[in-house]
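1. What would the 3D arrangement of this be:
(2 chains)
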Amino acid sequence: MEGKVNEEVFNTEKAEAMVKGLRERFREGKTKPYEWRVSQLKGIVKMIKEKEEEIMAALRADLAKPETESYLHEIFMSTSAAQFALKQLKSWMKPDKVPVEITTLPSTAKIVSEPLGVILVISAWNYPFLLSIDPVIGAIAAGNCVVLKPSEVSPATSALFAKILPEYVDNSCIKVVEGAIAETTALLEQQWDKIFYTGNGKVARIVMSAAAKHLTPVSLELGGKCPVVVDSDVNLKVAVKRIVVGKWGCNNGQACIAPDYIITTKSFAPKLVDALKTTLERFYGKDPHESADISRIVNLNHFKRLTDLLDDEMVSDKIVYGGKRDEKRLKIAPTLLLDVPRDSQIMKDEIFGPLLPIITVEKLEESYEIITSMTKPLAAYLFTKNKKLEEEFIRNISAGGMLINDIALHLANPHLPFGGVGESGIGAYHGKFSFDAFSHKKAVLSRWFLGEARARYPPYTENKQRMLRRVMNGSFVALILAVLGFPWN
Amino acid sequence: MAITNQEEREEERDEEMVALGLESVVSEARDTFEKGKTKGFEWRRDQLRALLRLLEEKEDEMFQVLNQDLGKHRVEAFRDEVGVLIKSVDHAVQGLKKWMTPESVVVPLVAFPSSAAIVSEPLGLVLVFSSWNFPIGLSLEPMIGAIAAGNAIVLKPSDLAPATSQFLHDNIPKYLDKEAIKVVQGGAQVAEKLLNLKWDKIFFTGSPKVGRIVMTAAAQHLTPVTLELGGKCPAIFDSFKGSRDKNVAVQRVFGGKWGPCAGQACIGIDYLLVEETYAQTLIESLKGVLKKFYTKPEYMARIINAQHFERINNFFQEKSVSSSIVHGGSVDPDKLFIEPTILLNPPLDSEIMTEEIFGPLLPIITVKKIEESIEFIKARPKPLVIYAFTHNETLKQRLTKETSSGSLIFNDAIVQYALDTIPFGGVGQSGFGGYHGKFSYYNFSHKKPVLRRSFLTEFSIRYPEWNEKKLQLLRHMYRFEYFGFVMCFLGLKTIGKWKITTG
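-> From the prediction side, this is the model:
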């Protein structure tokens, strides 16, 4: 950012001009051909490969993200998404032939996917590379023009996008706009064909209200308090490893699908806490602040937010592990809290950090009431070998996605839709769902001239009504008669 | 008449009462959902069957209220509303089990053993706003989807069709589960109060102006919405060589314009595009068809109310518009009747060509060559439907590729409404979200991915402490290079020029 020439602020006029230009490019048909989409996706794959070091460096600067996390969660996932799209694109773009029914015979029908037009992608700071490029990949695969607004809270990655993306893709159709509230507001005032937002519920409401003015559809990928219910009848060692890596191995808990809190039985809690402590020490050492394998807190704002949660007198005496913090280095150690009160702040807000409260109940069935008393989360997790418990959990809990006996993996499967429900969001993406998210499914019906059903037209008579009734009821005889022109009156 | 303080206070109290009454109705429906009553297969199937009984047993009454509110003839009412609904309920009852079955999903070998499925679950409590022009159809069609998907429902029919609204209010509780499915009557005020409450989905059919209000209210609760709006649906009429196909096409244009509710239909043909050399042929044919079919005034619905009558009548106020009338043009304000009217080339900047007509006026716009229609349509907001009557395959392909609309229909009009295998909905200014058939089911469902893993296999390379070897193994694994993975695991192979950079 240093050494850059001071540019004018990206204001409403600039936003309007940008959208207008993109709409013209779109109208010219530039982004629709298969070849264009393929070349852009290939460009992105090339960019990730050639710029891997710069990307890792930006992630390190923004989040102190460990190399392996950066590779696995951002580099690999992004490349994977682009390559999956490249492989599947031809089949995604093919119209879907569908059967016709008696009411429209004779005719043929199909569903054609077409691009929506000009898309705005607003991304988040915690997986700043992935959450920017993944939706952009979907928008391109579907044949749209795109404007990407990366998060200003991860400035190194944002600047990197602004620098390298134009070098690898068609700059006339794919743009990056950096900035914060002012720039985002200018963008939100424009008319888009779709807005894809990843972030929190408060800003999501602003985005959706802005979209409402233009009747623009939105996808909102938000968060929530992802619960983990742990049964006593599990392979504790494996379960705990998965929980730990799902929580602190995902950007130190600053992830929308990271476990937010645990529910387990009073009798099992001590064993669980011990196992967690052992595993945490094994992965991150006696002093996690010195471990290179864990991200830091993104900025002072969030650091203070998290320490406030810890210093809340309702919970400060419930800490059973960790709690150490270092404001200068923006580090908070993995922290476990046991039996925090349900009405404490840490149980109301999405934590988005390295704190893990554990709630205990007499029987696991009580966990349903706890979970359903809160808003629907992005993900819900259950560790158990009990099939009945599994089925009840799936049936009774509504969440964006659900995993049994593991954490977070569902987002790595491109055949599963990734998105929220209720407060955790609207819409889904990944794999073909990304393509669909940025497409309009246009029904195309082609009727023949042969066969005119007079029964459709006035003068309306009882005979005609009877005929229509029989056709609607699926009578082929009636259809044939109708097509032949009966009744005459 | 000045409103006194006393009257003001009474009004406020009435409003509070209405609000409280609404809140308790809505919260009862929500409680019913929370108890799980609507989720089971039997409940959904039974409700759909009950709906079918309503449609069959109350047919005469439905014809009566539709005639009262809109002057619809019973055959039109059956063809466009009742008959279509019967078909839709049958389709839903047949499809229900399949729709409710979780979808198995591919899982990459590297995650073995595990299984993945997509489970559809109801969103919860849904709000359906319907419109006045197909007041039964547009109320019950979304409800079929919401019921099939296992939701509790509050329906607010349009107050502009009061007899129908009353019919729905009285009869739905007689046939359907009145603890889970509620009908609330009222106008804009009631709508506003409903919009302040929290819903899991809002399904709105109506105008873009109100659509904005609905979506803005929904944004406060992050409620997903479906907006079924309208627009100016163009119909391209190509020049036909013979008269046989032309005659069929013209009949279908009639059916697409004046058939459904006297042109007051979101998918009705708004205006025609034709080559200037063919325009007269088309006009003469249209006149002929009108004479043949439209033999009695009762065969066409009337205009819904005085306000809309004025709105449509006002189109004639511009001289350049009224002078372009080539057929019809007479009006009867007392009977809320406007004659089927054809206009030739009214000015493109006149209101009749910039606003959705939603009435029995049919402007015909001429172009030099029929292909120019494409640019004409592209320059305007995306409509709910584009119609084209043509044999020209190239033109059809160009329309498919170059234009965008909710749907695209060749050589007929309106019939797409009755086809369950295609999604029905708009794009851009004509709305978003689609329904009908299984699309209705998905519209009111959340598709929840469920991934199950076993404790059996464990890859230690997933976990810290991180080192280069683990990373290389992961690279292999994620590329599904099983051979490479094994080699690397055994220490026989390394890949990648990955350097550890110091930060």
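
2. Need phi/psi at the nearest residue to residue B:149 once chain neighbours are set aside.
-> Closest residue to residue B:149 apart from its sequence neighbours, by Cβ to Cβ, 6 or more residues apart in numbering or on different chains: residue B:444 at 3.8 Å. Every C-beta, even on glycine, is put in place using the N, C-alpha and C of the backbone. With angles defined as degrees, to the nearest 10, residue B:444 sits at phi -100, psi 20.

3. Make sure residue B:444 is actually in contact with residue B:152.
-> No. Contact criterion Cβ atoms under 8 Å: residue B:444 and residue B:152 do not qualify, at 10.8 Å.

4. where do the contact lists of the two overlap?
-> residue B:126 (Cβ atoms under 8 Å, 6 or more residues apart in numbering or on different chains).

5. my read: residue B:416 touches residue B:406, true?
-> No. Residue B:416 is beyond contact range of residue B:406, at 9.5 Å (criterion: Cβ under 8 Å).

6. Would you state the helices of the stretch 201-350 of chain A in chain order?
-> A:201-213, A:236-247, A:269-284, A:300-311 (DSSP state H, counting those that start in this stretch).

7. quick one, which of these is packed in tightest?
-> Mean neighbour count (mean count of other Cβ atoms under 10 Å in any protein chain shown) peaks for helix A:236-247 among the helices of the stretch 201-350 of chain A, with a mean of 22.

8. The helix or strand of chain A with the lowest mean pLDDT packs against which elements?
-> Within chain A, confidence by mean pLDDT, DSSP states H and E is lowest for helix A:476-483 among all helices and strands, at a mean of 72. Under the contact criterion of 3 or more Cβ pairs under 8 Å, 6 or more residues apart in numbering or on different chains; DSSP states H and E, helix A:476-483 touches helix A:462-472.

9. How about the helix it packs on and chain B, touching?
-> Yes. Helix A:462-472 is in contact with chain B by Cβ under 8 Å from any Cβ of the partner chain, via A:464-465, A:468-469, A:472.

10. so residue A:20 sits in a strand?
-> No. Residue A:20 is assigned helix when assessed by DSSP: H, G, I helix; E, B strand; the rest coil, not a strand.

11. Residue numbers of the stretch 251-400 of chain B in contact with chain A?
-> Counting by Cβ under 8 Å from any Cβ, the stretch 251-400 of chain B sits next to chain A at B:251, B:254-255, B:259, B:293-296, B:299-300, B:378, B:396, B:400.

12. Which SSE is immediately downstream of the lengthiest helix in chain B?
-> Assignment by DSSP state H gives helix B:5-34 as the longest helix of chain B. Sequence-wise, the next helix or strand downstream of helix B:5-34 (DSSP states H and E) is helix B:41-57.

13. thinking again about what came up before, from the residues of the stretch 251-400 of chain B next to chain A, which ones fall inside helices?
-> Using DSSP H, these in helices are B:251, B:254-255, B:293, B:378, B:396, B:400.

14. And those, which is closest to chain A?
-> Nearest to chain A, judged by Cβ to the nearest Cβ, of those is residue B:293 at 4.7 Å.

15. quick one: that closest one and residue B:279, what's the gap?
-> From residue B:293 across to residue B:279, the span is 21 Å (Cβ to Cβ, to the nearest Å).

16. Could you do residue A:65 as well?
-> In terms of Cβ to Cβ, residue A:65 sits 67 Å off from residue B:279.

17. which one of the two has more residues nearby?
-> When neighbours are counted by other Cβ atoms under 10 Å in any protein chain shown, residue A:65 and residue B:279 differ, and residue A:65 comes out ahead with 27 against 20.

18. got a list of what residue 287 touches?
-> You didn't say which chain, so I picked chain A. The contact partners of residue A:287, taken as Cβ under 8 Å, 6+ apart, are A:324, A:333.

19. other chain: chain B
-> B:327, B:342.

20. Next: residue A:142.
-> With Cβ under 8 Å, 6+ apart, residue A:142 has these contacts: A:113, A:115-116, A:434-439.

21. In helices, which of those residues fall?
-> Those of these lying in helices (DSSP H): A:434-437.

22. Just to be sure, residue B:118 is in a helix?
-> No. Checked against three-state DSSP, residue B:118 lies outside a helix; its state is strand.

23. Against residue A:142, how distant is the closest residue to it other than its chain neighbours?
-> The shortest distance from residue B:118 to any non-neighbouring residue, by Cβ to Cβ, 6+ apart, is to residue B:103 (4.4 Å). Distance, residue B:103 to residue A:142, using Cβ to Cβ: 22 Å.

24. Please apply the same query to residue A:330.
-> To residue A:142, residue A:330 is 38 Å away according to Cβ to Cβ.

25. re earlier: quick one: neighbours of the residue nearest to residue B:118, just the number.
-> Neighbour tally, residue B:103, other Cβ under 10 Å: 12.

26. Mutual contacts of residue B:416 and residue B:406, please.
-> A:443, B:385, B:424.

27. The second one contacts residue B:410, doesn't it?
-> It stands for residue B:385. No. The criterion here is Cβ under 8 Å, and residue B:385 misses it with residue B:410 at 11.2 Å.

28. The two: which is more packed in?
-> Taking residue B:385 and residue B:410 together and counting by other Cβ under 10 Å, residue B:385 has the greater number of neighbours (29 against 23).

29. Return the backbone torsion pair for the spatially closest residue to the more buried one that is not a sequence neighbour.
-> Counting by Cβ to Cβ, 6+ apart, residue B:233 is the residue found nearest to residue B:385 once chain neighbours are left out, at 4.6 Å. Here is the backbone geometry of residue B:233 (degrees, to the nearest 10): phi -80, psi 110.

30. need the contact list for residue B:233.
-> B:266-270, B:383-387, B:405.

31. What residue in the stretch 251-400 of chain B comes nearest to chain A?
-> For the stretch 251-400 of chain B, Cβ to the nearest Cβ, closest residue to chain A: residue B:299, 3.7 Å.

32. what's the neighbour count on that residue?
-> 20.

33. That one against residue A:458, yeah?
-> Yes. With contact defined as Cβ under 8 Å, residue B:299 counts as touching residue A:458 (3.7 Å).

34. low-confidence ranges in the chain?
-> In the absence of a named chain, this looks at chain A. A:1-8, A:451, A:483-489 (pLDDT under 70).

35. The chain in question should be chain B.
-> B:1-4, B:17, B:109-113, B:457-462, B:465-466, B:474-503.

36. rerun at 90
-> B:1-21, B:106-115, B:242, B:295-298, B:453-503 (pLDDT under 90).
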